[in-house]
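Chemist: Take this sequence and fold it.
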Amino acid sequence: MSGKEPGSKKVYLPSPEGTRILITNLLFIIAGALLISFSLNTILIPYGLLAGGITGLSLILFYLFKIPVFISILVLNIPVFWWGAREISRSFFFYSLAGTVALSVLQPATYGYIQPFQLDMVLAAVFGGALSGVGFGLIFRGHGSTGGTDIISVVMRKKKSLGIGEVSFYSNLLVIIISLFFFPLNIGLYTIISIFITGKMIDVIITGLNVSKSVFIVSNKSSEISVRIIGELHRGVTHLVGEGAFTHHEKTIINCVINRFELARMKKIVAETDPDAFMYISDASEVLGRGFSRSR
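Modeler: Prediction:
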């Protein structure tokens, strides 16, 4: 006998760390859905503006047929979730479902709590897009989405090797083209502004305002430069061994990641130590580790 009672099942309890991550992600998702709901109820809908993806299609249905936005979001997402169920990870499916449900519940629940803002159309497009972008960014920080094109993007990347940006572009383009048939041209143009601002704000929320810089330095005085970087900037340095293709001379290449406020000091250190050094700088959109952001 195994010592296990007939019919008994082993129960797996989540670890404290797993529970903390789950709660944190859900809070991000709820906060993001709340901001999107306020954007819809106080700016986008009162001014007749649209949005990208499923939300944009839901707004079109609302303007044309008075179908509540939250109902369209739920109904249009049913085939999307059914299609993507086997193609996306369980965690992304769960958090995306949470994001879709949260938005569908909070959008009607928050309607009427805040009176629409008195803005002109340009400001409405800008601030409506910004508020939505922050909301979507928070949901993405919670490792979820609001379904729709986000799930389609993941599936199409697997099946057709299409980038997420491509799918998002075509979905937004579809909304704008449809709007041209039913709404004045200026609505489509203001919607383009709103969608653009939304995308930029999503990037800000996900990557932060302080984009780091990855610096590579090729110099005959790599040791001296490294000592100054460590001593003056207090940044770690990695030495890479390289060889000049023309001279075949071995060189020590310096790699260092700094924030953008330290870039001027880095250039000064290199120029003072070796004016003939070769240096190239690129953006590092996300840096994890000591001295930078820490992964959750």
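
Chemist: Check the offset of the longest strand anywhere in the chain from the chain's centre.
Modeler: Across the chain, the strand with the greatest residue count (assigned by DSSP state E) is strand 250-259. Distance, stretch centre to chain centre, for strand 250-259: 29 Å (Cα atoms, centre = their mean, to the nearest Å).

Chemist: The helix or strand following that strand - what's its average pLDDT?
Modeler: Going down the chain from strand 250-259, the next helix or strand is helix 263-273, by DSSP states H and E. Helix 263-273 shows a mean pLDDT of 93.

Chemist: Show me what helix 263-273 is in contact with.
Modeler: 213, 215, 217, 219, 221, 224-225, 228-229, 232-233, 256, 258, 277, 279, 281 (Cβ atoms under 8 Å, 6 or more residues apart in numbering). C-beta coordinates here come from the backbone N, C-alpha and C atoms, glycine included.

Chemist: coming back round to it: so the longest strand of the chain versus helix 263-273, what angle?
Modeler: 150 degrees (axes from the mean of the first three to the mean of the last three Cα atoms, to 10 degrees).

Chemist: Tell me which stretches of the protein form helices.
Modeler: 16-39, 53-65, 69-84, 90-109, 121-141, 149-160, 164-182, 185-207, 222-228, 263-273 (DSSP state H).

Chemist: Please identify the most buried of these.
Modeler: Mean neighbour count (mean count of other Cβ atoms under 10 Å) peaks for helix 121-141 among these, with a mean of 22.

Chemist: Which elements pack onto it?
Modeler: Packed against helix 121-141 by the contact rule (3 or more Cβ pairs under 8 Å, 6 or more residues apart in numbering; DSSP states H and E) you find helix 16-39, helix 185-207.

Chemist: Could you list every helix and strand in contact with the shortest one?
Modeler: What that stands for is helix 185-207. Applying 3+ Cβ pairs under 8 Å, 6+ apart, one finds that helix 185-207 contacts helix 121-141, helix 164-182.

Chemist: For the last one, which outside residues touch it?
Modeler: This points to helix 164-182. The contact list for helix 164-182, computed with Cβ under 8 Å, 6+ apart, reads 50-53, 56-57, 60, 63-64, 148-150, 152-154, 156-157, 187-188, 191-192, 195, 199.

Chemist: Ok, the first one next?
Modeler: Contact partners of helix 121-141, identified using Cβ under 8 Å, 6+ apart, comprise 28-29, 31-40, 43-44, 47, 49, 51, 99, 117, 119, 145-146, 186, 190-191, 193-206.

Chemist: in this structure, what spans have low per-residue confidence?
Modeler: Scanning the chain for pLDDT under 70 picks out the ranges 1-14, 161-165, 209-210, 285-286, 288, 290-296.

Chemist: Could you rerun that using 80?
Modeler: For the chain, the stretches flagged by pLDDT under 80 are 1-14, 154, 157-167, 206-211, 261, 285-296.
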